[in-house]
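[1] one predicted model, sequence on top.
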Amino acid sequence: MQSLLALFAIILWASLAMTSSLLAGIPPFLQLAVAFGIGGLPALFYGRRAFPPLRVLALGVAGFYGYHFFLFTAFKLAPPVEANLINYLWPMLMVLMAPLFFREAQLKLGHFLGAGLAFVGVVLLILGRDLEFSSENWWGFALAMLAALTWPLYSLLKKKAPTVEVITTAGVCLVAAVLSALTHFIVEPRVVPNAQEWWLLLWLGVGPFGAAFFLWDVAVKRGDPRVIGALSYLTPVLSTLLLVFVAGVEAGPLTWTAMLLMSVGSLVGAWASR
């Protein structure tokens with residue numbers, strides 16, 4: 001059941017790249033502020049119950065806001081496609097880091113094989129896009145790598161943290177929304193979204209920044225991090241498929257091969273933890 005919840009969250013996150021591409025005219029941290037704010041609206045009906053103890057709240061904000069801060073800043077300092085491909089290493093890191101936090105989460109040959117296939121898939125995605133990594137963009141690449149480390153660290157520490165009500169995820173979203181809004185006002189120009197952009201922002205708040213966080217919270221708290229990490233290899237696969245079939249982005253043979261490898265890697269990694 002937990003794996004299914006994680007898979008639903010992954011499907012919602014897969015729509016993020018496509019939706020953000022349609023919101024190109026909206027500054028990134030304004031997108032985050034609105035999306036986190038919508039995702040956190042349920043907290044208004046629960047009062048103090050929606051806010052966990054300070055330690056858990058700090059962990060949640062570090063995961064939600066910290067991850068997106070690193071990633072979106074990386075997009076400014078390096079080409080977004082390359083930065084996002086580096087970010088796609090986080091599922092592999094989550095699988096490989098699990099034994100560091102949980103003794104019972106020992107890795108088997110299948111986990112290493114699945115992670116290896118996923119890594120080769122990311123490399124092929126890079127080659128398929130004919131991308132070049134310039135030394136001028138290394139700060140952006142470093143921040144993308146920090147993002148790739150932040151999300152699995154948050155997820156694994158979340159599993160070890162004291163159990164709190166699921167509604168506290170909404171409280172974390174509200175705090176992340178405030179920090180995102182402050183970042184927007186400090187570093188970004190003021191923009192007023194049009195009607196179509198408001199609908200897209202509403203989807204971000206309800207889906208990838210709302211329901212997905214609630215589903216992920218329950219999944220990582222109760223599920224096997226090795227299985228969840230392996231299933232997460234599907235995130236770039238599903239994201240690329242949406243870009244191809246919905247947004248009309250072209251995909252070459254290397255891209256399709258990469259997606260096949262990452263899909264197989266996900267299945268092998270999940271099967272190893274059966």
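    That came through, no problem.
[2] check which helix or strand covers G37.
    Following DSSP states H and E, one finds G37 within helix 28-39.
[3] which helices and strands sit right next to that helix?
    Packing partners of helix 28-39 (3 or more CB pairs under 8 Å, 6 or more residues apart in numbering; DSSP states H and E): helix 67-77, helix 168-187, helix 195-206. All C-beta atoms are positioned from the backbone trio N, CA, C, and that covers glycine.
[4] the stretch 151-274 of the chain: helices as residue ranges?
    Counting by DSSP state H, counting those that start in this stretch, residue ranges of the helices within the stretch 151-274 of the chain are 168-187, 195-206, 212-222, 225-231, 234-245, 253-272.
[5] so which of those helices comes closest to L96?
    Comparison of those against L96 by CB to CB identifies helix 225-231 as nearest, at 8.2 Å.
[6] name the helices or strands packed onto the closest one?
    helix 2-14, helix 90-101, helix 109-128, helix 138-160, helix 253-272.
[7] can I get those helices in JSON lines with mean pLDDT?
    Formatted as JSON lines, the helices and strands packed on helix 225-231 follow (pLDDT from 0 to 100):
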{"stretch": "helix 2-14", "mean pLDDT": "85"}
{"stretch": "helix 90-101", "mean pLDDT": "83"}
{"stretch": "helix 109-128", "mean pLDDT": "76"}
{"stretch": "helix 138-160", "mean pLDDT": "89"}
{"stretch": "helix 253-272", "mean pLDDT": "74"}
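[8] nearest to G205, out of these?
    With CB to CB as the criterion, G205 lies closest to helix 2-14 of the helices and strands packed on helix 225-231, at 11.5 Å.
[9] tell me how far the next helix or strand after the closest one is from the chain's mean position?
    With elements assigned by DSSP H and E, the helix or strand that comes after helix 2-14 is helix 16-22. Relative to its parent chain, helix 16-22 has a centroid offset of 13 Å by CA atoms, centre = their mean, to the nearest Å.
[10] how close does G37 get to L30?
    11 Å (CB to CB, to the nearest Å).
[11] so what sits against both of those two?
    Counting by CB atoms under 8 Å, 6 or more residues apart in numbering, the shared contacts of G37 and L30 are A181.
[12] who has more neighbours out of these two?
    Counted by other CB atoms under 10 Å, G37 and L30 do not tie: L30 has more neighbours, with 22 against 19.
[13] which outside residues touch stretch 151-170?
    Stretch 151-170 is contacted from outside by 39-43, 46, 49-53, 55-57, 59-60, 62-64, 66-67, 90-91, 93-94, 97-98, 100-102, 213-214, 216-218, 220-221, 225, 228-229, using CB under 8 Å, 6+ apart.
[14] buried members of the residues you listed into PyMOL, please.
    Buried residues among the contacts of stretch 151-170 (16 or more other CB atoms under 10 Å), as a PyMOL selection:
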select buried, resi 39+40+42+43+50+51+52+56+57+59+60+62+63+64+66+67+90+91+93+94+97+98+213+214+216+217+218+220+221+225+228+229
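[15] for G116, find the nearest of the helices and strands packed on helix 28-39.
    G116 lies closest to helix 67-77 among those, at 24.3 Å (CB to CB).
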